[in-house]
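Enquirer: pasting a predicted model and its sequence here:
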Amino acid sequence: MDDWLKDSAEVEASWVTVDLAIFTIRSGQLMVLLIERGVEPFLGRPALPGGYVQKDETLREGALRELREEAGIDGTKLHLEQLGAYGDPRRDPRGRVVTIAYLALGPDLPAPVGGTDARRAYWAPVSQLEGEGTALAFDHAAILAEALEQVRSKLEYTAVATAFCGELLTLSELRTVYEVVWGQQLDPSNFRRKVLNTTGFVKSTREQRFPHTGRPAVLYRRGDAWLLNPPLLRGTGHTV
């Protein structure tokens, strides 16, 4: 037998899935979307939403479909990017399954609705899932940890924080995103100065929002820049 035929015969068939780490901020907490699995393996265990990619769709199309089917959320309105590929041969007891993980962000997303093979879908506080012993199905704890660090890192160098806000935002709302995702308090004056000194981060609408109490807040939109220069680096203290 030719060497290439022998090598080909020894290659086991693999399946491709997509999984999604979807973050939003609700009630001042960073939340991630989870489902309760309604089928084996890991029946009844919490997991990230996801599933098999169909033969006639792209990876991104598969991710959007799974998000719609398992949680009732329209992913086209989210910031969606590919996080990475996970292919440990023991990650799925059903066989050789390679998953492509996606990272998604959105502003105050609604309560999800479970469907297909998900018993239910719900928002879970990230603070309750971090660390060792998180009982997510498959290797989803590792995917979640890498997705969370990706978000925290991207807040330093890109304008991705605006994905957690609506079309119009205040600097206080933007600072809250950083504080919630990083888990540290930031000095309001320093934060305001750095944001406004970062070219293209936000642009003023010249409009104001009038709260029930306190001073009116200037409304901004996301600017034209994606990469922040200078970056807003995480610190060890209470300033940025």
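Expert: Arrived safely, thanks for sending.
Enquirer: buried stuff in the longest strand along the chain?
Expert: When the chain is scanned for its longest strand (criterion: DSSP state E), the result is strand 15-26. By neighbour count, and taking 16 or more other C-beta atoms under 10 Å as the criterion, the buried residues in strand 15-26 are 16-25. The way it works is simple: take the backbone N, C-alpha and C, and place the C-beta from them, glycine included.
Enquirer: what do you get for stretch 55-64?
Expert: Here stretch 55-64 shows 60, 62-64 as buried, counting by 16+ other C-beta under 10 Å.
Enquirer: between the two ends of it, what distance do you get?
Expert: Start and end residues of stretch 55-64 are separated by 15 Å (C-alpha to C-alpha, to the nearest Å).
Enquirer: so for that stretch, mean pLDDT?
Expert: Here stretch 55-64 scores 96 as its mean pLDDT.
Enquirer: so what touches it?
Expert: Counting by C-beta atoms under 8 Å, 6 or more residues apart in numbering, the neighbours of stretch 55-64 from elsewhere in the structure are 16, 18, 20, 50-54, 65, 75-76, 80, 82, 100, 102.
Enquirer: if we can go back for a sec, which one of the buried residues of stretch 55-64 sits closest to Gly235?
Expert: For Gly235, the closest of the buried residues of stretch 55-64 turns out to be Ala63, at 34.1 Å, with distances computed as C-beta to C-beta.
Enquirer: surely Pro216 is in contact with Arg209?
Expert: Yes - under the criterion of C-beta atoms under 8 Å, Pro216 lies in contact with Arg209, with a separation of 6.4 Å.
Enquirer: just the strands from the chain, written as ranges.
Expert: All strands of the chain, identified by DSSP E, fall at 15-26, 29-37, 46-47, 50-52, 79-86, 97-105, 118-125, 202-209, 217-222.
Enquirer: put together JSON lines for those, with distance to Leu168 and mean pLDDT on each row.
Expert: Listed next are the strands of the chain as JSON lines, based on distance: least, C-beta to C-beta, whole Å; pLDDT from 0 to 100:
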{"stretch": "strand 15-26", "distance to Leu168": "16", "mean pLDDT": "97"}
{"stretch": "strand 29-37", "distance to Leu168": "22", "mean pLDDT": "95"}
{"stretch": "strand 46-47", "distance to Leu168": "34", "mean pLDDT": "95"}
{"stretch": "strand 50-52", "distance to Leu168": "32", "mean pLDDT": "94"}
{"stretch": "strand 79-86", "distance to Leu168": "17", "mean pLDDT": "97"}
{"stretch": "strand 97-105", "distance to Leu168": "17", "mean pLDDT": "97"}
{"stretch": "strand 118-125", "distance to Leu168": "24", "mean pLDDT": "90"}
{"stretch": "strand 202-209", "distance to Leu168": "7", "mean pLDDT": "92"}
{"stretch": "strand 217-222", "distance to Leu168": "5", "mean pLDDT": "96"}
